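J.: Please find the sequence and the predicted model below.
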Amino acid sequence: MSQPLYRRVVPETYVQLLYEYLEALGHEPESVLGQPWPTPAQEGVGGVDVECWDRLLVTAAQALDDPLLGLHVGQTISARHIGVLGSVLLACGNLGTALQRLERYIRLVYDVIPMTRRDGDGWFELVWDVSQYQPGPLVNETGMVAIVQFCRALVRGTANPLRIDFNHPSPLDTSPYEAFFGCPVRFGQAEAVLRFSAQLLELPFKSPDPALVSLLEQHADRLLAQLPQQDEFVEQLRKTITHALREGEPSIERISPQLGTSSRTLQRRLQEAGTSFRYELNLVRHELALSYLRDPRLQIVDIAMLLGYSEHSAFTRAFKEWSGRSPHEARQLNSESY
């Protein structure tokens, strides 16, 4: 099985954290950093090289005389800084579901080094493999703070970690880190680790921002209203597929229990209706893709994620099979109708 080729980039929307932080302090970010305001690419995956991100953080820390810049910038994270994935995470019911989606799509927000999850007795931890590449200290600290801050903003209850491990050397004073994280913080470790109590997985989320979640719901509702009418069972299947796409590739084995039936029975009933699971999945994806392409706020990589593809190239291939052109061409050539 092929392994991901990490591009070592972070999203432009994430880099905007630093620019907004400087602006909030009354500085002109582009003057301080010597770089224009980062703007997401209109098409494709885009991104800012992680070494450039590191240099920007170091430049700002020196300009502000703030060695704790990572602690301060990371705390300003919001859903919009991680693109459409932020909306997807806000739509989850609890941290456990959100974590599953984050694991699947982590490269959309941190395409730098592999992240894996480990589970133990009463805890789980996120582990970053630094064996092949070690990001700079400010990159590490900003990222770790951003994750904890985002978790705290999502859940109802206390979301302090159990332990934080950084692989870079320790600063002279570690107390500001322990004060923010609310747990022991270790430096100079072999791995970068964020450990939480397993009980945190069940904590419910606060009420999500309707303006963010509606981006998903409006597209789904418009799709369902436009789809050709079928018998009630096929209509229910399409609705189920639409919602399941948010959690990745839907399989007939995963969908059939949600319809109260077995995979074999579902296949038989679809055959009787003159259709198939693969046909209905592609139909829903195609119609959703057309709907998403009408929204200029969504990049092609965002649309691929919302349709359950783990790679944006797989979505491009599928869209060409459906329509004879790439998503980028469809958006350009049919901008009025899209």
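T.: Now that the structure is in, tell me what you want to look at. Numbers count the residues shown, from 1 in each chain.

J.: Show me which residues of stretch 31-41 are buried.
T.: Val32, Leu33, Gln35, Pro38, Pro40 (16 or more other C-beta atoms under 10 Å). Where C-beta positions appear, they are placed from N, C-alpha and C, glycine not excepted.

J.: Pull the contacting residues for the fourth one.
T.: If you count contacts by C-beta atoms under 8 Å, 6 or more residues apart in numbering, Pro38 has them with Glu12, Thr13, Val15, Gln16, Tyr19, Val48.

J.: what pLDDT does Thr242 get?
T.: Looking at Thr242, its pLDDT reads 82.

J.: roughly how far out does the helix or strand harbouring it sit from the chain middle?
T.: Per DSSP states H and E: Thr242 is located in helix 232-244. The chain centroid and the centroid of helix 232-244 are separated by 24 Å under C-alpha atoms, centre = their mean, to the nearest Å.

J.: Over to stretch 299-309?
T.: 11 Å.

J.: can you give me the mean pLDDT across it?
T.: 85.

J.: and for that stretch, what are the contacting residues?
T.: Contacts for stretch 299-309 (C-beta under 8 Å, 6+ apart): 40-46, 83-85, 88, 105, 108, 216, 219, 244-250, 285, 288-289, 292-293, 298, 311-312, 314-316, 318, 327-328.

J.: Tell me the buried residues within those.
T.: Of the contacts of stretch 299-309, these count as buried by 16+ other C-beta under 10 Å: 40, 45-46, 83-85, 88, 105, 108, 216, 219, 244-246, 248, 250, 285, 288-289, 292-293, 298, 312, 315-316, 318, 327.

J.: Keep only those of those that are in helices.
T.: 84-85, 88, 105, 216, 219, 244, 285, 288-289, 292-293, 312, 315-316, 318, 327 (DSSP state H).

J.: Nearest residue to the middle of this protein?
T.: Leu85 (3.4 Å; C-alpha atoms, centre = their mean).

J.: Please list all residues in contact with that one.
T.: So Leu85 contacts Arg101, Leu102, Tyr105, Leu108, Val109, Asp302, Met305 (C-beta under 8 Å, 6+ apart).
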